[in-house]
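[1] turn this into a model:
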Amino acid sequence: MPEQLPITTYGMDILRKKTAPVEKIDVNLIRLVENMFYTMDNAEGVGLAAPQVNENISLCIVDVSCLEEYKKEKPVTLINPVIVDKHGEVFKDEGCLSIPEVRGVVKRAEKIFVKYNDFDMNEATKEFEGFFARVVQHEMDHLKGVLFTDLLDEDEKKKVASMLRKIKKNKVLTEYPLYANTINS
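    From the prediction side, this is the model:
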């Protein structure tokens, strides 16, 4: 049975670190991926990166099939992902499980091509478009220590500043477990 993992929150050091590459696939990594999907689903998210569950490795998952227009899309696990090409740009509203109750408009590429490793550590490439591309870019930013709030314009940053301070002080409630609550209780 998969385990619900607590999610790291804004202000925690791990969310600002560049992740280490995954070197090998083993039972622990497979269990981590299963737990990440379980955690993401229970938090009603569409993407999750390893640093968000306190793991400093280059791994993220995305499942946008809960949305009608993407219901035929299969969930993806991206190991050591790199964007090799991107096209177009759109400005859209975003949020993050690690930054609850905060939203803001972020510029992202409309279409991306990603190179990554699969579960056999073979190199693969995949094209993502629209909302799927946006979520993949968001999760890949986590692997570089970048948060969506870093990409907001100055006015947006001012609007969310007080809420970010509340999150940093662990003064936020969510329907899912937060890592900060597990170390401060």
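[2] just the CA coordinates of stretch 3-19, formatted as CSV?
    Taking only C-alpha atoms (Å, rounded to 0.1, in the frame of the first residue of the first chain), the coordinates of stretch 3-19 have been written out as CSV:
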residue,chain,number,x,y,z
GLU,A,3,2.2,5.9,1.8
GLN,A,4,1.1,9.5,1.9
LEU,A,5,4.2,11.7,2.2
PRO,A,6,4.2,15.1,3.9
ILE,A,7,4.9,18.0,1.4
THR,A,8,7.7,20.4,2.0
THR,A,9,6.7,24.1,2.2
TYR,A,10,7.9,27.5,1.2
GLY,A,11,10.9,28.5,3.3
MET,A,12,12.4,25.0,3.5
ASP,A,13,16.0,24.8,2.2
ILE,A,14,15.4,21.7,0.1
LEU,A,15,13.1,23.7,-2.2
ARG,A,16,16.0,26.0,-3.1
LYS,A,17,18.6,23.3,-3.9
LYS,A,18,19.6,22.0,-7.3
THR,A,19,18.8,18.3,-7.3
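[3] who are the contact partners of residue 21?
    For residue 21, the contacting residues are 57-58, 80, by C-beta atoms under 8 Å, 6 or more residues apart in numbering. Using the backbone N, CA and C atoms, a C-beta is placed for each residue, glycine as well.
[4] and those residues, which of them are in strands?
    In strands, judged by DSSP state E, the following of the contacts of residue 21 are found: residue 80.
[5] the strands in this structure, which residues?
    Here the chain has its strands, by DSSP E, at 47-49, 59-62, 76-87, 90-96, 99-108, 111-117, 123-129.
[6] pipe those into CSV and attach mean pLDDT, mean neighbour count and distance to residue 37 per row.
    What follows is the strands of the chain, written out as CSV (pLDDT from 0 to 100; neighbours: other C-beta atoms under 10 Å; distance: least, C-beta to C-beta, whole Å):
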stretch, mean pLDDT, mean neighbour count, distance to residue 37
strand 47-49, 98, 28, 8
strand 59-62, 98, 26, 6
strand 76-87, 98, 17, 8
strand 90-96, 96, 15, 17
strand 99-108, 96, 18, 20
strand 111-117, 98, 19, 17
strand 123-129, 97, 14, 18
